[in-house]
Each structure stands twice: as structure tokens, then as C-alpha cells.
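J.: Structure of the sequence below:
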Amino acid sequence: MQDEAPSSKPYAAGLFRKLLTYAKPYWKAFLVALIVLLMNSSLTVIGPLLTQLAVDRYLAPAPNREPSLLDPYLSTDPYTGLTEVSVLFMASMVLGLLLSFIQSYLMQRTGQHAMFDLRRDLMRHLHKIDIAYYDRQAVGRILTRVTTDVDQLNELLSSGLVAIAGDVVVLCALLIAMMQLSPGMTLILLSVTPLVVVASLLFRNTVQRSNRRIRAAVARINAFLQEHITGMSVVQLFNREQISQQQFDEANTEHKDAYKEAIHAYGWFYPVVEFLGVLGMAALISYGGYRIQQGELTLGILVAFFQYGLRFFRPIQDLSEKYGIIHQALAAGERVFGLLETQPTFGAPRPPVPFPQGPADLEFDRVWFAYKDDDWVLRDVSFRIEPGEMIAIVGHTGAGKTTLTNLVLRFYDAQKGAIRIGGVDVRNIAPVELRRHFGVVLQDPFLFTGNLRDNIRLGTATITEEEIGQAVEQVNLRDFIESLPNGLSHEVRERGAGLSTGQKQLISFARALAHNPRFLILDEATSSVDTETELRIRQALDRLLKGRTSIVIAHRLSTIQRADRILVMHKGELREQGTHQRLLAQRGIYWKLYQLQYRDQETAWGIRK
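T.: Below you'll find the model as predicted:
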């Protein structure tokens with residue numbers, strides 16, 4: 001997948017800069033962690049030096065031993081001296097554990113704070129991005145950006161960078177200490193290093209390839225699960241369980257194979273490095289033994305070098321492993337910051353024009369719109385809605401009815417022409433201010449997890465309990481609310497599970513009314529409700545529409561006939577407009593729609609022309 005590709009080197013530098021901007025507010029914690037890191041790294045040198053001191057001074061005294069800084073403070077008695085050295089060794093180990101805890105705690109805590117800020121910015125940005133972005137992107141992939149990818153960045157910030165810095169400091173400290181003890185033995189140990197580097201490069205390339213496959217597979221699995229869990233009723237209804245399982249198995253197999261490749265790389269890398277380390281140790285035994293026989297080296301130095309050798313290859317292993325973390329983080333960071341850099345196609349104008357006060361008309365002036373290239377969905381559409389007027393929009397599927405409302409709300413902007421409210425182009429009004437004056441009820445009502453009160457109020461603190469009660473009363477929903485044990489506090493599960501479509505739709509009507517909009521848009525709001533619910537909505541429509549400019553997209557004749565004017569859309573063009581009786585008399589497109597869709601409804605409801 002293209003968007004799962006790894007970061008390039010030029011982008012990596014930019015990524016680190018962007019990531020550090022989130023760590024910048026917590027620089028004090030980083031500074032303390034760095035100081036602790038340096039102190040902890042110095043302790044890795046002390047242990048072998050204490051071992052050398054114990055061997056050369058007490059266990060196998062060497063006449064040619066160089067005095068140490070601790071000699072004046074240690075007892076000359078072997079038993080007492082070894083006890084003192086052991087206490088110092090244990091003290092260095094305990095201090096190292098304490099410093100490691102402080103460093104890990106500070107970095108993990110700081111990393112979580114930084115990732116909290118990053119996730120907050122991601123969510124804030126997702127609220128600003130155009131609806132068109134969500135038309136192009138799978139929800140599962142967006143979820144991966146906010147969850148898994150951010151976790152990868154946290155791993156880099158809280159563990160990867162500090163661990164790499166620590167490994168580099170430890171290597172430098174070990175090299176300095178070993179060079180002070182014996183330059184010759186240090187060179188012997190370093191002679192194995194090129195082989196370790198070659199093994200690390202091979203390991204790095206394999207892990208890089210497998211990590212790329214893993215990230216692609218994770219995004220694919222998340223997208224697949226989101227789509228199929230949401231549509232599980234359709235999967236089961238059409239007996240697609242087996243096909244769905246096969247498709248999931250393909251993505252799951254790719255994920256497994258990618259991990260197996262990484263496991264294989266880790267499986268051979270560590271034994272190879274261990275083997276090369278053993279070769280280095282064998283060379284040290286041979287060379288060190290010869291130097292001891294010649295009286296040029298002490299046994300304590302040789303023992304200390306064994307300890308240094310074991311510690312020397314560990315940071316190299318860690319650096320190779322941390323490369324995998326860096327690579328995963330770079331790939332994740334490219335996607336995360338790529339999302340943050342996705343700019344809305346349109347936003348609040350500078351400076352924005354206030355929303356017109358008082359009665360305002362709504363005008364489409366020669367509007368052309370296409371979702372893609374020149375595939376026009378609307379063609380030269382012009383009409384005007386007077387303040388307080390109710391307009392019904394009808395037409396076949398794909399005629400452009402819903403697109404009209406999307407343009408009014410600025411989910412999209414027209415490529416040609418203008419849409420004006422009270423003479424003000426909607427593109428000159430901030431989207432937040434524009435939408436605040438509109439109440440929208442869609443064909444498929446959407447309820448959030450919480451309770452009924454929260455779903456009606458939707459976080460608008462200015463809506464009082466009394467206003468919620470009035471909205472519930474106006475849409476004839478009070479009987480249902482009072483029948484619930486907890487009333488408006490009744491729990492609402494995900495997507496309103498447990499409520500009927502009609503009940504959810506009535507709650508959507510109450511939500512729109514509670515916000516007291518000046519304009520009301522009903523997008524086939526009664527097409528999916530039962531007969532009883534439609535009757536309740538019809539009884540409430542007079543109250544719903546009173547004093548509001550309304551746009552109603554409807555398939556129900558009972559709703560259309562209540563309109564002051566009917567607009568007939570056909571293939572993206574406004575072909576007819578007028579009252580129900582006038583359009584029937586024209587015997588045009590509306591008359592054909594009436595014959596195909598509405599005549600049976602009129603008979604069923606006993607509506608007379």
C-alpha cells in the first residue's frame with residue numbers, strides 16, 4: 001500500500017523535529033533523564049574495574065599492578081578488603097537499578113504526556129478535515145493512525161531515542177576504560193566488530209522489509225474489521241460468513257507471514273552476535289594469557305576485559321534492534337504527521353462575515369458542482385427560498401437532491417456559481433457559525449453512546465432541561481420517554497442499539513429542535529419510519545416548520561404536499577418547480593414521478609388531489 005511505505009531520509013529529519021515539538025514542553029524531564037542516563041552509563045565501567053581491583057590486590061596479587069584511586073581507602077587485609085569491594089560493587093548495582101528506574105519512569109511519563117498532546121491534536125484536526133476526506137479514507141485506517149501509529153511514536157520517544165543515546169554513551173565509556181587498561185586487547189576486541197556490523201546490517205534490512213509488511217497488514221486488518229463488524233447484519237443476512245472469513249484470513253495470513261519473517265531475523269541475529277562475541281573472548285584468552293606469562297598483563301585486567309567484552313556487544317545488539325523501532329516509528333510518523341498536514345479544502349475565511357441577522361432568504365445562483373473532475377452532479381442550478389418558506393425537493397436517485405443540502409452546509413464548495421444567505425456568500429461565513437443556524441435530520445439517524453439527554457443536547461451547554469422537554473413534546477416523543485424507567489437518562493448503546501428506527505428518528509427531530517435553528521433540513525427523514533411514527537411526525541410538522549425556512553427532501557407524498565413549493569431535480573438540473581397541483585397539471589417529470597412513486601401513497605392515505 002502506498003501510504004504504508006517507509007519514511008525517506010529527508011523526511012526522517014523533519015519527523016524528528018516535529019516529534020520533538022511535542023516533547024519540548026517537557027524538556028526539564030528530558031534533561032533530568034539525560035543526566036541520569038550519563039550517571040547510569042558511568043556505572044557500567046565501575047563493575048569490571050572493581051573486579052580487577054579484587055583480583056589483582058587480594059585474590060592474585062600482582063607486583064606490577066598500577067595503584068588505583070581506591071587503594072588508600074581499602075583495607076590491606078584480604079578478607080576485609082574483599083568485603084569492602086563487594087559492598088562497593090553491590091552499591092553500584094543498587095544505584096544503577098535506582099537510576100534505571102528514574103530514567104525509565106521519566107521517559108515513559110514524558111512520552112505519554114507528549115502522545116496525549118499528539119492524539120488530542122489528531123482528534124481536533126479530524127474535526128476540521130472536510131467530509132470529502134472521509135469519503136476517500138477507510139475508517140479502520142484512520143483509527144490505525146490515532147492508535148497504533150501513535151503508540152509506535154511513543155515507543156520511539158520514550159524508549160528508542162534514550163536507549164540509543166544510552167547505548168552510544170556506554171560504548172564510548174567502555175572503549176575509554178578498555179583503552180586505559182590495555183590498548184592491544186581493545187584492538188583485538190574491536191577486530192570482531194566489523195563482522196557484528198555486517199550481521200546488524202543484514203538484520204536491519206530484513207526487519208525493515210518485514211516491518212513495512214506488518215504496518216500494511218495491520219492497517220488492512222483494522223479497515224476490514226471496522227467495515228465488516230459494522231455491516232455484520234448484512235454479512236449474516238446474505239450468508240457471506242464464509243467469504244468474509246476467507247477475506248479476513250488473507251489479511252491475517254499476510255500479517256502472520258510478515259511477523260514470521262521478523263521472528264526469523266531475530267532468531268538468527270542474536271545467536272550470530274553471541275557467537276562473534278565468543279570468538280572475541282577466545283582471542284582475548286589467547287592474547288591475554290600470553291601477555292600474563294610475559295609479565296606484561298595482570299590477571300585482574302584479563303578478567304575485567306571479559307566483563308567489558310560481554311557488555312561491549314550488548315549495546316551493538318540493542319542498536320540494531322532499536323533500528324527496527326526507529327523504522328517502525330518513521331513509517332508511523334509519516335502517516336500521523338501526514339494526516340496532521342492534510343489541509344481542509346476550505347475553512348473559515350479571514351476575516352469571516354457574520355451570519356445575516358433577521359429574516360434571510362437562501363439563494364442558489366447558477367451553481368455547478370462535481371465530486372470528481374468534470375463529472376457534474378449539479379448543472380447550472382438556480383432558485384431562491386424566501387424566509388419562512390418550506391421547499392420540497394424531489395427527483396430520482398442521483399438527481400443531486402442531497403448534494404444541494406451538502407453545499408448549503410459547506411461540506412463541499414461549488415466549483416461554479418454561488419450560494420447566498422441573506423445576500424452573503426456562504427463561503428464568506430465561518431463553517432461553525434454557518435452550521436449553528438441549521439438543524440438537520442437525516443434519513444439514517446445517528447445516536448452516540450451515552451443517554452437520551454446527551455444525544456438531544458449534543459454538548460450544547462446552553463440548552464436547558466426545559467428546552468429539551470419542549471423539543472420532546474413537539475415531536476410527540478414524551479410518551480416514549482415517560483415509559484422508560486430512567487426517562488431522559490435512559491442509556492443509549494452504540495449506534496442506538498435497542499431503539500427502533502422510528503424512535504431514533506424522533507430523537508433526531510428533538511435534537512434539531514432543541515438547538516432552535518433558523519433553517520431546517522429534512523433529508524428523507526420520514527422515508528425509513530413506520531406508519532405510526534410517520535403519523536406522529538406529520539402531526540408535529542406544523543410545529544417543526546413554523547417560522548423556519550425549511551428544505552425537505554422526501555419520498556412521501558404526505559410530506560411533499562405540505563410544501564409551499566416543490567423543486568424537481570433531474571440529472572443534476574432543476575427542471576420544474578411549483579405547487580403539487582400545478583406540477584401535476586404540467587404533466588412533466590413530476591407527473592411521471594407521481595405516477596411511479598406517489599399515486600399509491602395518495603390512495604393509501606386517502607389524500608385527494
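
J.: contact partners of stretch 313-330?
T.: 6-7, 11-12, 15, 152-153, 155-156, 159-160, 163-164, 166-168, 170-171, 193, 196-197, 200, 203-204, 207-208, 211, 214-215, 262, 266, 269-270, 273-274, 276-277, 280 (CB atoms under 8 Å, 6 or more residues apart in numbering). For the C-beta atoms, the positions are set from N, CA and C on the backbone; glycine is no exception.

J.: ditto for stretch 23-33
T.: Residues contacting stretch 23-33 (CB under 8 Å, 6+ apart): I102, Q103, L106, M107, R109, T110, H113, A114, D117, L157, V162.

J.: Spell out the secondary structure type for the residue nearest to Q415 when sequence neighbours are not counted.
T.: Distances taken as CB to CB, 6 or more residues apart in numbering place W368 nearest to Q415, at 5.6 Å, with adjacent residues excluded. Here W368 is recorded as strand under DSSP: H, G, I helix; E, B strand; the rest coil.

J.: and what of the one 10 residues further on?
T.: Following three-state DSSP, we place L378 in the strand state.

J.: who does it bridge with?
T.: In this entry, L378 is beta-bridged to F369, by DSSP bridges.

J.: Report how many residues lie close to it.
T.: Using other CB atoms under 10 Å, L378 has 24 other residues around it.

J.: Report the contact partners of it.
T.: Here L378 is in contact with V367, W368, F369, G400, T403, L404, L407, A414, G572, E573 (CB under 8 Å, 6+ apart).

J.: So for these, which is the shakiest by pLDDT?
T.: In this model, the minimum pLDDT among those belongs to G400 (87).

J.: Can you give me the distance of that residue to G439?
T.: G400 is 22 Å from G439, where distance means CB to CB, to the nearest Å.

J.: ok so, going back, and which of the contacts of L378 is nearest to G81?
T.: G81 lies nearest to L407 out of the contacts of L378, by CB to CB, at 88.1 Å.

J.: Three-state assignment for V169, please.
T.: Reduced to three states by three-state DSSP, V169 is helix.

J.: Setting the sequence-adjacent residues aside, check what's closest to it.
T.: S41 (4.2 Å).

J.: In three-state terms, label that neighbour for me.
T.: helix.

J.: which among the contacts of stretch 313-330 end up buried?
T.: For those, a burial check counting by 16 or more other CB atoms under 10 Å picks out 6-7, 11-12, 15, 152-153, 155-156, 159-160, 163-164, 166-167, 170-171, 196, 200, 203-204, 207-208, 211, 214-215, 262, 269, 273, 276-277, 280.

J.: My read is that the residue nearest to V169 contacts V168, right?
T.: No: using CB atoms under 8 Å, S41 makes no contact with V168, being 9.1 Å away.

J.: May I ask you to name the longest helix in the chain?
T.: helix 241-293 (DSSP state H).

J.: Okay, angle between the helix or strand just after it and helix 241-293 too, please.
T.: As assigned by DSSP states H and E, the chain's next helix or strand after helix 241-293 is helix 299-340. Angle of helix 299-340 versus helix 241-293, following axes from the mean of the first three to the mean of the last three CA atoms, to 10 degrees, is 150 degrees.

J.: And the residue sitting furthest away from the middle of the chain, its phi and psi?
T.: The centre of the chain is farthest from one residue, P63, which by CA atoms, centre = their mean lies 66.4 Å away. The phi and psi torsions at P63 (degrees, to the nearest 10) take the values phi -60, psi -30.

J.: show me the residues around Q247 that make contact.
T.: Q247 touches F224, counting by CB under 8 Å, 6+ apart.

J.: what's near enough to touch the residue nearest to the spatial centre of the chain?
T.: Central residue of the chain (CA atoms, centre = their mean): V146, 1.3 Å from the mean position. Neighbouring residues of V146 by CB under 8 Å, 6+ apart: R119, L122, M123, L126.

J.: hmm, try it at 6 Å
T.: Shown in contact with V146 (CB atoms under 6 Å, 6 or more residues apart in numbering): L122.

J.: did I read that right, it in a helix?
T.: Yes: the assignment for V146 by three-state DSSP puts it in a helix.

J.: Could you give the separation of the helix or strand hosting M123 from the chain centroid?
T.: Using DSSP H and E, M123 sits within helix 78-128. Here helix 78-128 is found 27 Å from its chain centre; the criterion is CA atoms, centre = their mean, to the nearest Å.

J.: Residues in contact with the next helix or strand after that helix: which ones?
T.: Once the chain leaves helix 78-128, the next helix or strand it forms, by DSSP H and E, is helix 131-136. If you take CB under 6 Å, 6+ apart as the criterion, helix 131-136 is touched by F411.

J.: Go again with 10 Å.
T.: Residues from elsewhere that reach helix 131-136 (CB atoms under 10 Å, 6 or more residues apart in numbering): 126, 130, 142, 339, 342, 344-345, 371-372, 406, 409-413.

J.: would D373 count as being in a helix?
T.: No: with three-state DSSP as the criterion, D373 is coil rather than part of a helix.

J.: Any regions of the stretch 401-550 of the chain where pLDDT drops low?
T.: The stretch 401-550 of the chain contains residues with pLDDT under 70 at 525-534, 536-537, 539-543.

J.: Mind doing that once more with 90?
T.: 401-402, 410-413, 430-433, 435-436, 439-518, 522-548 (pLDDT under 90).

J.: all helices for it, in order.
T.: Under the criterion DSSP state H, counting those that start in this stretch, the stretch 401-550 of the chain contains helices at 401-408, 431-436, 452-457, 465-474, 478-483, 501-514, 531-545.

J.: so which of those helices gets nearest G358?
T.: Among those, helix 431-436 sits nearest to G358 (CB to CB), with 15.7 Å.

J.: Of all the residues in the closest one, which ones are buried?
T.: P431, L434, R435.

J.: For that helix, which outside residues touch it?
T.: 127-128, 130, 344, 346-349, 352-355, 408-411, 421, 424, 426-430, 460, 515, 517-519.

J.: are any of those buried, and which?
T.: Buried, going by 16+ other CB under 10 Å: 130, 355, 408-411, 421, 424, 426-427, 429-430, 515, 517-519, out of the contacts of helix 431-436.

J.: Thank you, goodbye.
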